[in-house]
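Novice: let me see the structure of the following:
(4 chains)
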Protein chains: 2
Amino acid sequence: MSAHAPSSSAASPRPTRREQILREASRLFAARGFHGVGVDEIGAAVGISGPALYRHFAGKDAMLTELLVGISTRLRDGGRQRVAEAEAAGEPPAAALEALVTGHIDFALHDRDLITLHDRELERLRADDRRQVRQLQRQYVELWVDVLRRVHPELPPERARASVHAVFGLLNSTRHLSRPDTLPDRGATAVLLHDMALGAFRAAVDAHHGRPG
Amino acid sequence: MSAHAPSSSAASPRPTRREQILREASRLFAARGFHGVGVDEIGAAVGISGPALYRHFAGKDAMLTELLVGISTRLRDGGRQRVAEAEAAGEPPAAALEALVTGHIDFALHDRDLITLHDRELERLRADDRRQVRQLQRQYVELWVDVLRRVHPELPPERARASVHAVFGLLNSTRHLSRPDTLPDRGATAVLLHDMALGAFRAAVDAHHGRPG
DNA sequence: CCGCCAGGTTAACGTCCGCTAACCGGCGTG
DNA sequence: CACGCCGGTTAGCGGACGTTAACCTGGCGG
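Specialist: Numbering: from 1, shown residues only, chains lettered A, B, ... in the order given. Next up, the predicted model:
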């Protein structure tokens, strides 16, 4: 991969050209699919045209790679940090799980296009890049599984993993949501998703002991 | 649309050529995306090659259209039928909701590729076909919303709709699941998803009254 | 037995697309 | 002031892709 990405941390007021391109590319890829968007179109979206993109990226594939590796990394690292903070504060595992849920929702609401891409266009990557992204995703899942099983040690690993995948599906549904026709504001949506995710987890646990009568 | 589809009901032992093509096309489209699959590839998957497909379909677009219209119609009609049956049997609304959940899970587990396609490749349709599919999807969502609000009349419509979308996300996560590395059998997965879906709905309702302390 | 047609084949066409080549202007630095 | 290079431009190439054309064949009805 190319060496010095501009260290995608807190929002810079003046986005660099690279960042503009990545932003527009993610928007277009999410809307029409990787193969459905041409380089001319991406260029036009940032006011330059066509082959000028090659001054910033090795090719169209490199843009998708950077987007997917970027979001997978940020998800994993953000999750790790939240869990570490909760533990450092001496909070119980349940608090760490809530922190994971809240963090993921923030991500899904803020970077909707990237959330869409990262489970939709993974197969378009070159084999080695795909392996890398899958590893990052797996580490993120395992982080959730570990925390979930610390809250409910009686939950078998495969069952915990399936529950986590299901909750990801629930949380990532924000991509269908959040259009003007839905809930009033993002806050309400976030709270609703938070509660539903925890409710789903609780149901997965309750059902595993005898069913609740 | 072309007139006489072979009335896609119960599994015929000898699938017609058209059905073979649709099956393989859905598999390939789900795996690599509509634009990522060539007609030669689809042909090869059923043992014929390339342009022979045009003896059965007007074009590549027509295959996708038929797949998406087909699954959207079957989802909506299947849901309507289950709700009608529950009502005819004099069962309470909660039973109808459970029937919807169970039916959707059956669908998601059995037609995984189609479930994937129908929220992933919608934008590739021609405008009028897209409108039709969206209308079918909307009717399916509204069916769920109506049943859900019959179970919990105090739930505001927008909140109910958001909950339904979130549960769809949860249920459709089977597409990530059900690989060999997950739960032992489909039955266990189905039960888990069923319980989590109902748990998520309950949480959406509980949170709406004062939070449970 | 003839002919037709359903359902294949291969060849070819036109377009689109990713990418490279060649060129160029402006601006910061020695 | 000259120069280099960063970041643009347009032209064009090569290959892939959807689709059409032209042709072929085997089985079935009259």
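
Novice: could you find the closest non-adjacent residue to the residue positioned nearest the centre of chain A?
Specialist: Note on chain A: the residue nearest the mean C-alpha position is residue A:115, at 4.5 Å, using C-alpha atoms, centre = their mean. Leaving out its chain neighbours, the residue that sits closest to residue A:115 by C-beta to C-beta, 6 or more residues apart in numbering or on different chains is residue A:108, at 4.9 Å. C-beta here means a position set from N, CA and C on the backbone, and glycine is covered the same way.

Novice: tell me the mean pLDDT over the helix or strand hosting the one you found?
Specialist: Assigned by DSSP states H and E, residue A:108 falls within helix A:93-110. Helix A:93-110 carries an average pLDDT of 97.

Novice: any residue of the longest helix anywhere in chain A touching DNA strand C?
Specialist: The single longest helix within chain A, with elements called by DSSP state H, is helix A:60-88. Yes - interface with DNA strand C: helix A:60-88 contributes A:60, A:61 (C-beta under 7 Å from any atom of the strand).

Novice: now do the buried residues in that helix.
Specialist: Of the residues in helix A:60-88, A:60, A:62-76, A:78-79, A:82-83, A:86-87 count as buried by neighbour count, 16 or more other C-beta atoms under 10 Å in any protein chain shown.

Novice: stretch A:44-53 too?
Specialist: Within stretch A:44-53, the residues that count as buried by 16+ other C-beta under 10 Å are A:45, A:46, A:48, A:53.

Novice: does the third one belong to a helix, a strand or coil?
Specialist: Per DSSP: H, G, I helix; E, B strand; the rest coil, the secondary structure class of residue A:48 is coil.

Novice: may I have the phi/psi pair for it?
Specialist: When read as degrees, to the nearest 10, the backbone of residue A:48 gives phi -110, psi 170.

Novice: report pLDDT for the residue in chain A positioned nearest to DNA strand D.
Specialist: Taking C-beta to the nearest atom of the strand, DNA strand D has its nearest neighbour within chain A at residue A:52, 3.4 Å off. Listed pLDDT for residue A:52 reads 97.

Novice: my guess is it contacts residue A:43. True?
Specialist: Yes - contact status for residue A:52 versus residue A:43: in contact at 5.9 Å, counting by C-beta atoms under 8 Å.

Novice: pLDDT of stretch A:135-154, averaged?
Specialist: Averaging pLDDT along stretch A:135-154 yields 98.

Novice: give me the distance from that stretch to the chain's centre.
Specialist: Mean-position distance between stretch A:135-154 and its chain equals 15 Å (C-alpha atoms, centre = their mean, to the nearest Å).

Novice: and stretch A:87-100, by the same measure?
Specialist: On C-alpha atoms, centre = their mean, the centre of stretch A:87-100 falls 20 Å from that of its chain.
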